[in-house]
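> no sequence for this one, just the structure:
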């Protein structure tokens, strides 16, 4: 078979590596300066500054691993084999609470997944309802009925926007251009049926009892066999006395249930608020899984997480530009990116085998995968390339066995969540899974297509953004100090540069220490007239200036190359400091409480409901701190100290006139006060509203 994809190393790679060398030499010079001065005249401020700079240098070193060999990839879908030879794909969608994840929005995701540009007989969509809510089951039935007409319509006319909500909105107007009367008539009929579907779901969900979570329940599975993609609803068994395992448990349950029904060799995981924006994403992923050069050891193909509700003034950096334009492409040039948790196609084989070099199915499979003979046979079918369909087994028998593998006691005394399936990290099940797959010798690839394949809903206020940040970083910190730490377990199993990328992710809590020091010590010393940087007339001052300009230039160039602007660079500077400071402080506290047993592990669900006031402020580029009072405490304290020290120190500077000694600290305070002004504005706005 011909090569189905190509990759290109970034053309400025030599300059990037030269910059790394140049910056490293400047760092050595800085520590030489700090050490020699500290030996002659040791003071607490200088010792603390050296500690902060050592932390920043360590994290900078890990960060450069992402820039060592970044690549971009492209695919050749026209070279794929015929549709009859394409492997099956199972799509997993997980939801929990209809109050925070509106059912109508979840069904848009399900419908767009069912309408993917892929052979109907080889596509199946599984919805995990971890809340067991009547409205979700009702919505699934309504969605399947609507999809019976929507899917043929999309395929008949080659519709690209296959999420009905988007297609019938102003964003879908381009789809209506140059269409005939038959198309217009059909789309009007479908629009009426779609509106009716959403209205029915809204009416049904208007009864509080239909939206209540059911915590003590048996397994419930709805299966639809249609002349179109299969749709399966799964509400797994839940008992108060047995661990539920949150999203990781839901994904592993879907792995087993789907193995009995469709048993697609590859699975796609999408968030419940993330609709499929490009119907060809499955075929794009197959260009890696079926390519003879990469098929053997590719565990997953990751697409970027992109969002449909971003403002031009994205003050919270909700698009996570740095992650998906810099970090993930950098990892792709090593052995591949980590799992982002959604928008990723994963090999079912990789989730069950210890390494790509192991293709022998174990004799004691029941100890590893559970005691379902039917499920184990489905795994053998995948691993040995047998027929994956279950046409010879009666549907009722499969449904009965699905109840067994979805029961909450099925995983007892097995390796599920450890060596099999998705990891049972509370909040980062996919991220930890991706990391462990790399440790076992698997690779991954990253594709950043011109047209986003998936679009989700980004956080548009400070509270939601920080809640996400805290739960991610706290779990990454726990990974850093676990037996699977990338500093020990990872480095021994991965190339050192690749392991540095995971070291960076799990070390970001250290930013809080460095930023607290840099946010207090130079300011207080400026107020007192104590220098912590060399005089502006000294040659050593140039070292600090070079390091600042070097790091900021690297960031600025990456933003401009990614289509950003100077305003984007300035906004990212501000939100990075806020997240690195506040997010890491609270993430560390949460992690410590979990370790000590003071904080019971729990899953905090992100709110997908968009408030009008929050949206208005977000679009205007104004910070919304409503509901985030606790997060604002350390930020407000540091900001007030900086403002007081700035004006107090400036008054002293005018009187004493020691500009040469204090120029470095004056610049630092001016920079931080400039970044903090919109934050101060948001705090004052919140206080006036409360008043």
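Sure, I can see it. These numbers were taken from a predicted model, which means no experiment stands behind them.

> Which helix in this structure has the most residues?
Ordering each helix of the chain by length in residues (DSSP state H) puts helix 659-690 first.

> tell me the mean pLDDT for it?
Across helix 659-690, pLDDT averages out at 83.

> And residue 407, its phi and psi?
Dihedral pair for residue 407: phi -70, psi 150, per degrees, to the nearest 10.

> For it, give me its contacts.
Applying CB atoms under 8 Å, 6 or more residues apart in numbering, one finds that residue 407 lies in contact with 219, 236-237. Glycine gets a C-beta too; all of them are placed from N, C-alpha and C.

> returning to what we had before: quick check: buried residues in the longest helix of the chain?
661-669, 672-673, 675-676, 679, 682-683, 685-686 (16 or more other CB atoms under 10 Å).

> same deal with stretch 313-321?
Judged by neighbour count using 16+ other CB under 10 Å, the buried positions of stretch 313-321 are 314-321.

> For those, could you give me JSON lines that also reports pLDDT?
Putting the buried residues of stretch 313-321 into JSON lines (pLDDT from 0 to 100) gives the following:
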{"residue": "314", "pLDDT": "84"}
{"residue": "315", "pLDDT": "88"}
{"residue": "316", "pLDDT": "88"}
{"residue": "317", "pLDDT": "86"}
{"residue": "318", "pLDDT": "82"}
{"residue": "319", "pLDDT": "82"}
{"residue": "320", "pLDDT": "84"}
{"residue": "321", "pLDDT": "84"}
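
> quick revisit: which one among the contacts of residue 407 gets closest to residue 572?
Distance to residue 572, by CB to CB, is smallest for residue 236 among these, at 40.4 Å.

> number of nearby residues for the closest one?
Using other CB atoms under 10 Å, residue 236 has 28 neighbouring residues.

> any idea of the pLDDT on it?
Residue 236 is assigned 88 on the pLDDT scale.

> now swap in residue 3 and tell me
So residue 3 comes in at 87 (pLDDT).

> swap in residue 109?
Note on residue 109: pLDDT of 96.

> So residue 578 is in contact with residue 635, correct?
Yes - counting by CB atoms under 8 Å, residue 635 is a contact partner of residue 578 at 6.4 Å.

> So for these two, which residue has more residues nearby?
residue 578 (25 against 21).

> show me the contacts for the more buried one.
If you count contacts by CB under 8 Å, 6+ apart, residue 578 has them with 635, 679.

> ditto for the one 3 residues further on
By CB under 8 Å, 6+ apart, the residues touching residue 581 are 511-512, 515-516, 519, 634-635, 638.

> try 7 Å this time
Going by CB atoms under 7 Å, 6 or more residues apart in numbering, residue 581 touches 512, 515, 634-635.

> related to what we said a few turns ago, the longest helix of the chain: how far from the chain's middle?
Its chain's C-alpha centre and that of helix 659-690 lie 31 Å apart, by CA atoms, centre = their mean, to the nearest Å.

> Determine the set of other helices and strands touching that helix.
When contacts are defined as 3 or more CB pairs under 7 Å, 6 or more residues apart in numbering; DSSP states H and E, helix 659-690 packs onto helix 510-528, helix 566-578, helix 629-656.

> buried sites along stretch 26-46?
Buried residues in stretch 26-46 (16+ other CB under 10 Å): 26-27, 29-30, 33-34, 45-46.

> could I get the residues you listed as TSV with pLDDT?
Listed next are those as TSV, based on pLDDT from 0 to 100:
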residue	pLDDT
26	97
27	97
29	97
30	96
33	95
34	94
45	94
46	92
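
> Just the ones of the residues you listed in helices?
Per DSSP H, the buried residues of stretch 26-46 map to helices at 26-27, 29-30, 33-34, 45-46.

> In terms of distance to residue 140, which of these ranks first?
Sorting these by distance to residue 140 puts residue 27 at the head of the list, at 55.9 Å, by CB to CB.

> Residue 656 contacts residue 526, doesn't it?
No - between residue 656 and residue 526 no contact is recorded; they are 11.7 Å apart, counting by CB atoms under 7 Å.

> Comparing those two, which residue is more hemmed in?
The neighbour count for residue 656 versus residue 526, taken as other CB under 10 Å, is higher for residue 526 (26 against 11).

> hang on, that one packs against residue 668?
No - applying CB under 7 Å as the test, residue 526 and residue 668 come out as separate, 8.1 Å apart.

> Give me the buried positions along the helix or strand where residue 396 lies.
The secondary structure element spanning residue 396 is helix 395-405 (assigned by DSSP states H and E). For helix 395-405, the neighbour count (16+ other CB under 10 Å) marks 398-399, 401-405 as buried.

> can you list these in TSV and add distance to residue 176 and pLDDT?
Output for the buried residues of helix 395-405, formatted as TSV (distance: CB to CB, whole Å; pLDDT from 0 to 100):
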residue	distance to residue 176	pLDDT
398	42	89
399	42	88
401	46	92
402	41	92
403	45	91
404	48	92
405	45	92
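
> Looking at the residues you listed, which one is closest to residue 65?
Comparing the buried residues of helix 395-405 against residue 65 with CB to CB picks out residue 405 as the nearest, at 39.9 Å.

> give the contact list for the closest one.
Here residue 405 is in contact with 256-257, 260, 370, 372, 375 (criterion: CB under 7 Å, 6+ apart).
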